[in-house]
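could you work out the structure for the sequence below:
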Amino acid sequence: MTGKYPKASTREGKRVVTAYVSPEAFRQLKRIAADEDLQQQDLLIEGINAVFERRGLSRIA
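Predicted coordinates for the structure are as follows:
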């Protein structure tokens, strides 16, 4: 273990992607996640996969 806290098994083999969005976009994403009983991460992965798909790439996120 390299860090102060153990890494969650759901994060094994994955990398972090960070984006800065406006406060309005942040609230809207939070609202959609709550309305659809999802995590914000689920919506972000959905968006990343949509970007891949539009470019003819595999939905691998």
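
tell me the pLDDT at Glu53?
With respect to pLDDT, Glu53 scores 97.

residues near it, how many?
Number of residues near Glu53 (other CB atoms under 10 Å) recorded here: 11. The C-beta positions use only the backbone N, C-alpha and C, and glycine is treated the same way.

so what touches the longest helix that the chain contains?
Ranked by number of residues, the top helix in the chain under DSSP state H is helix 40-54. Contacts of helix 40-54 with the rest of the structure, by CB atoms under 8 Å, 6 or more residues apart in numbering, involve 17, 29-30, 32-33, 58-61.

which of those sit farthest apart?
Lys30 and Ser58 (28.7 Å; CB to CB).

could you look up the SS state of Leu57?
coil (DSSP: H, G, I helix; E, B strand; the rest coil).

quick one, what contacts it?
By CB under 8 Å, 6+ apart, Leu57 lies in contact with nothing.

try Val17
Applying CB under 8 Å, 6+ apart, we find Val17 in contact with 44, 48.

run the last query once more with 7 Å
Contacts for Val17 (CB atoms under 7 Å, 6 or more residues apart in numbering) come out as none.

let's number from 56 now, not from 1
Will do, 56 is the new start, and the previous item becomes Val72.

quick check: phi and psi on it?
phi -120, psi 130 (degrees, to the nearest 10).

and the pLDDT for it?
94.

what's the separation between it and Leu99?
Per CB to CB, to the nearest Å, Val72 is found 8 Å from Leu99.

over to Thr65?
Taken as CB to CB, the span from Thr65 to Leu99 is 15 Å.

okay, and for the chain, where does confidence drop off?
56-58 (pLDDT under 70).
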